[in-house]
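1. next come a sequence and a model predicted from it.
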Amino acid sequence: MSSSDHALPQGLLSGDALPLYTQIAGRLLDDISENGARPGDRLPSERALATRYGVSRVTLRSALNELAERDVIESSPARGWFLAQGYERVAPAGPPSTGPAGGPSVQGFADYAEQQGLRLRDSVLDSGVRAATVQESELLRVGPGAALFEMRRLRFLDDIVVVLEHNRLPLALCPQLADTDFTKDTLFATLRRADPPQVPKVADYSVEARHPTEEEGRLLEIADATPVLVATQLAFNQNAQPLELTAAVYRGDRYHFRASITG
């Protein structure tokens with residue numbers, strides 16, 4: 001089926017669910033790329049950057065720290081922030097798996113199912129190509145109206161429904177998305193077969209708990225007071241380019257979130 005409605009389906013999160021500092025980190029990374037900055041170049045002061053992006057110093061510092069975790073920038077005591085020598089290499093985040101190009105990459109739901117020995121089944125509710133909204137274009141760093149592949153699907157493990165997923169990706173990065181049968185193939189596998197391959201290397205991830213909407217309750221087969229966990233993920237490829245914006249609504253009794261926190 002083709003998706004023609006440009007509004008988000010009921011109950012799924014918009015890009016605003018991503019923390020403000022994550023959005024500022026993306027804008028700063030765009031500016032770094034557009035200005036042709038080179039490793040070792042010094043960034044403007046935190047005060048100047050906070051003024052440029054209209055945010056507090058606290059938010060700006062969180063954005064800088066996020067880019068530092070990706071090995072894009074690094075700090076020097078009393079000297080400020082500099083573009084890292086290896087800023088083109090994206091540091092892994094989230095549950096790692098090994099991609100075909102070598103090195104860690106973001107783990108997909110299908111990767112998890114395979115590792116756990118569970119049978120994955122997907123039911124595609126709708127999919128198609130449409131124009132990106134202004135909000136989506138800002139998050140995915142494409143022009144407003146650029147071709148976007150969109151898909152909504154229910155995902156099952158051993159025939160037990162676990163998650164309702166809403167995926168959005170710039171079509172230019174992987175044109176074959178529009179012609180793939182995602183009841184037989186997986187999203188990440190399709191991306192890895194693209195030319196050039198698109199490997200999800202790092203992701204910004206946020207989770208919130210809430211009550212399900214009527215539609216979510218019906219699709220996820222919730223008949224009681226079971227809450228849902230809503231995860232929003234913005235994944236970046238090996239070139240630090242936004243690759244996939246996903247909102248996933250999990251049954252709270254069938255989803256376990258685990259992360260390693262380092263300081």
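-> Ah, there it is. Numbers count the residues shown, from 1 in each chain.
2. tell me the SS of residue 47?
-> Under DSSP: H, G, I helix; E, B strand; the rest coil, the three-state class of residue 47 is helix.
3. for it, which non-adjacent residue is closest in space?
-> Excluding the flanking residues, the one nearest residue 47 by Cβ to Cβ, 6 or more residues apart in numbering is residue 57, at 7.1 Å. Where you see a C-beta, it was placed from the backbone N, CA and C, and this is true even at glycine.
4. cool, and residue 140?
-> residue 242 (4.5 Å).
5. identify each buried residue in stretch 164-173, please.
-> Within stretch 164-173, the residues scored as buried using 16 or more other Cβ atoms under 10 Å are 164, 165, 166, 167, 168, 169, 170, 171, 173.
6. what residue of this protein is the furthest out?
-> residue 78 (33.6 Å; Cα atoms, centre = their mean).
7. for residue 38, pull up the helix or strand it's in.
-> For residue 38, there is no enclosing helix or strand under DSSP states H and E.
8. swap in residue 21?
-> Assigned by DSSP H and E, residue 21 falls in helix 20-34.
9. just the CA trace of that helix, in CSV.
-> Output of helix 20-34 as CSV, limited to C-alpha atoms (Å, rounded to 0.1, in the frame of the first residue of the first chain):
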residue,chain,number,x,y,z
LEU,A,20,17.0,19.8,21.8
TYR,A,21,20.7,19.2,22.3
THR,A,22,20.6,16.4,19.7
GLN,A,23,19.0,18.7,17.2
ILE,A,24,21.6,21.4,18.0
ALA,A,25,24.4,18.7,17.6
GLY,A,26,23.0,18.0,14.1
ARG,A,27,22.9,21.7,13.1
LEU,A,28,26.5,22.1,14.3
LEU,A,29,27.7,19.1,12.4
ASP,A,30,26.0,20.5,9.3
ASP,A,31,27.8,23.8,9.7
ILE,A,32,31.1,22.0,10.2
SER,A,33,30.7,20.1,7.0
GLU,A,34,29.4,23.1,5.0
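10. could you name the helices and strands sitting against it?
-> Judged by 3 or more Cβ pairs under 8 Å, 6 or more residues apart in numbering; DSSP states H and E, the packing partners of helix 20-34 are helix 46-53, helix 57-69, helix 134-140.
11. that one to helix 46-53, inter-axis angle?
-> 90 degrees (axes from the mean of the first three to the mean of the last three Cα atoms, to 10 degrees).
12. for helix 20-34, buried residues please.
-> Quick answer for helix 20-34 (16+ other Cβ under 10 Å): 21, 22, 23, 24, 25, 26, 27, 28, 29, 32.
13. next one: stretch 73-88
-> Applying 16+ other Cβ under 10 Å to stretch 73-88 flags 73, 74, 81, 82, 83, 84, 87 as buried.
14. sounds good, over and out.
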